[in-house]
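Q: Below: sequence and its predicted model.
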Amino acid sequence: MDDRSNIPAAVGFYLWRGGLAFSAAYLLWEVARRLWMVIRAAGVPWLISLGVFLLAAGFILFIGSFILERLLDARAERGLGDL
């Protein structure tokens, strides 16, 4: 079989995933920016703002490490099935 017929499909898939990631990142940036403006306009003390930021950053790192661990476990399980 000729694998060249799959190249446009692969390029389209990667462009679609890249566009989706870019759109999600921009949406997250806009939400964070607007939330920051609301917090600053409300007069919330900066230590509370810092605490909320650190809480959110810790949650994102936790979820990211959880997803990474699941991906690595899934790869390891597929490797055991090949034996």
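A: Thanks, I have the structure now.
Q: secondary structure class for V44?
A: Secondary structure, DSSP: H, G, I helix; E, B strand; the rest coil: V44 is coil.
Q: Need the pLDDT of it.
A: If you check V44, the pLDDT there is 87.
Q: Then I63?
A: 95.
Q: Ok, R40 next?
A: Confidence at R40, expressed as pLDDT, is 86.
Q: Could you do R17 as well?
A: 93.
Q: so how many other residues sit close to it?
A: Applying other C-beta atoms under 10 Å, we find 10 residues neighbouring R17. C-betas here are computed from N, CA, C, even on glycine.
Q: how about low-confidence regions in this protein?
A: 1-4, 79-83 (pLDDT under 70).
Q: Check the gap between A41 and R33 for me.
A: To R33, A41 is 13 Å away according to C-beta to C-beta, to the nearest Å.
Q: Point out the other helices and strands that the helix or strand that contains A9 packs with.
A: A9 belongs to helix 7-42 when assigned by DSSP states H and E. If you count contacts as 3 or more C-beta pairs under 8 Å, 6 or more residues apart in numbering; DSSP states H and E, helix 7-42 packs onto helix 46-81.
Q: hmm, back to that, distance from the chain centre to the helix holding A9, please.
A: Chain-centre distance of helix 7-42: 9 Å, with C-alpha atoms, centre = their mean, to the nearest Å.
Q: got it, and stretch 70-79?
A: For stretch 70-79, the distance to the chain centre is 20 Å (C-alpha atoms, centre = their mean).
Q: Distance of I7 relative to F13?
A: Plainly put, I7 is 11 Å away from F13 if you go by C-beta to C-beta.
Q: okay, and the common contacts of those two?
A: None of the residues lies in contact with both I7 and F13 under the rule C-beta atoms under 8 Å, 6 or more residues apart in numbering.
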